[in-house]
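Asks: I'd like to go over a predicted model; first the sequence, then the structure.
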Amino acid sequence: MSREKVPPELTEAGGVEFHHVPVLLEEALSELCLVPGMRVLDCTLGGGGHSLAMLERGARVTGLDVDEMALEAASARLGGFAGFRAFRVNFGSIGEDDWMARIGPQEGALLDLGVSSPQLDRGERGFSIRRDGPLDMRMDRRLEVSAADVVGEYSESDLRRIFFEYGEERQAGKLARRLVQERDRRAISTTGQLVEVAESVLGRPRPGKVHPATKIFQALRMEVNAELERLQSGLEAVFELLVSGGRLLVMSYHSLEDRCVKQFITERLGRCRCPRGTPICVCEAKPLLKARGKAIVAGEAEVKANPRARSVRLRVAQKL
């Protein structure tokens with residue numbers, strides 16, 4: 001199943017309500033070392049919480065997002081700042097067409113890979129386990145393939161693969177088999193129907209525990225939006241946009257994302273790749289960045305105030 005190549009588009013300001021509590025806000029601002037006039041790329045604009053704080057400190061912010069609701073709301077919220085502009089594009093695609101030239105060199109870049117609260121909480125977007133709605137999950141609704149298409153048309157082996165790889169679900173095979181059996185009887189086109197099938201295999205949720213279907217919803221969302229592929233290509237393009245000394249900040253929320261970010265940083269530290277025992281280095285590895293310490297996590301107070309911050313890991317690197 002092919003995905004539509006979405007065209008570049010500049011966002012107009014709008015008035016859509018789209019609020020989101022920014023995670024690790026003070027930590028991010030501190031790591032960026034903001035000064036007035038500093039050019040910062042917010043690769044995942046969302047509700048504009050991080051961008052607002054950066055603009056208030058005098059930064060010039062370019063915001064990127066593919067969600068038209070997020071862009072309209074953020075543009076309405078931030079449009080009064082002379083240093084703000086926004087583009088409708090997936091950060092994983094900015095290496096294509098003329099986006100690199102349009103965006104220009106940056107002195108800092110922030111990627112917050114989490115799904116925003118309005119996306120999770122609105123049943124019609126298809127991300128929510130708690131609210132019934134169409135089984136959609138497209139961040140960019142110009143894409144051709146929805147979660148309903150994946151559930152309804154992927155083979156049992158492909159469903160098992162994405163549930164296991166993207167959701168790290170131990171019962172991936174059993175769940176894929178049950179879904180195929182169920183879709184032969186009826187179309188699975190809503191989040192409620194998917195939850196019902198998932199609970200028949202994984203069990204019903206227990207008070208105070210994460211819903212058993214959470215990993216399955218995560219896996220489908222990642223497949224529909226090609227998140228890991230976009231992350232890899234996006235990291236490479238964003239890093240190229242950074243000037244020497246520019247800082248790259250990435251917030252990830254599950255192990256697959258964090259592993260990808262950590263590997264990206266590690267590969268550019270310039271460590272020798274010669275086989276052990278080689279008397280003289282011949283790989284000519286050169287450092288392209290330096291990592292700024294271990295991953296930063298949310299403190300107890302922030303997690304209590306915003307439970308969605310409990311799994312965040314912020315990694316910071318500086319381009320040499």
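Replies: Structure received.

Asks: So Arg271 is in contact with Lys286, correct?
Replies: No - with contact defined as C-beta atoms under 8 Å, Arg271 and Lys286 do not form a contacting pair (10.4 Å). C-beta coordinates here come from the backbone N, C-alpha and C atoms, glycine included.

Asks: Show me what the mean pLDDT comes to for the helix or strand where Leu29 lies.
Replies: For Leu29, the enclosing helix or strand under DSSP states H and E is helix 25-32. In this model, helix 25-32 carries a mean pLDDT of 97.

Asks: Then stretch 143-151?
Replies: For stretch 143-151, mean pLDDT rounds to 97.

Asks: For that stretch, buried residues please.
Replies: For stretch 143-151, a neighbour-count test (16 or more other C-beta atoms under 10 Å) marks Leu143, Val145, Ser146, Ala147, Ala148, Asp149, Val150, Val151 as buried.

Asks: in terms of contact, does the first one touch Val224 like I think?
Replies: Yes - distance between Leu143 and Val224: 7.2 Å, which falls inside the contact criterion (C-beta under 8 Å).

Asks: Residue ranges in this structure under the pLDDT threshold?
Replies: Low-confidence segments of the chain, defined by pLDDT under 70: 1-20, 117-121, 123.

Asks: per-domain residue ranges of it.
Replies: Listed by automatic domain parsing, the domain ranges of the chain are 9-115+228-319, 144-224.

Asks: Reformat those domains as JSON lines; add distance to Ser128.
Replies: Formatted as JSON lines, these follow (distance: least, C-beta to C-beta, whole Å):
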{"stretch": "domain 9-115+228-319", "distance to Ser128": "10"}
{"stretch": "domain 144-224", "distance to Ser128": "6"}
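
Asks: neighbours around Lys262, how many?
Replies: As a burial measure, Lys262 scores 17 neighbours (other C-beta atoms under 10 Å).

Asks: Contact partners for it?
Replies: The contact partners of Lys262, by C-beta atoms under 8 Å, 6 or more residues apart in numbering, come to Ala295, Arg315.

Asks: secondary structure class for it?
Replies: helix (DSSP: H, G, I helix; E, B strand; the rest coil).

Asks: now Leu64
Replies: strand.

Asks: So what pairs up with it in the strands?
Replies: Counting by DSSP bridges, Leu64 is bridged to Phe87.

Asks: Any figure for the gap between it and Ile94?
Replies: 7 Å (C-beta to C-beta, to the nearest Å).

Asks: How are the strands of the stretch 51-200 of the chain distributed by residue range?
Replies: 60-65, 84-88, 106-112 (DSSP state E, counting those that start in this stretch).

Asks: Nice, that's everything, thank you.
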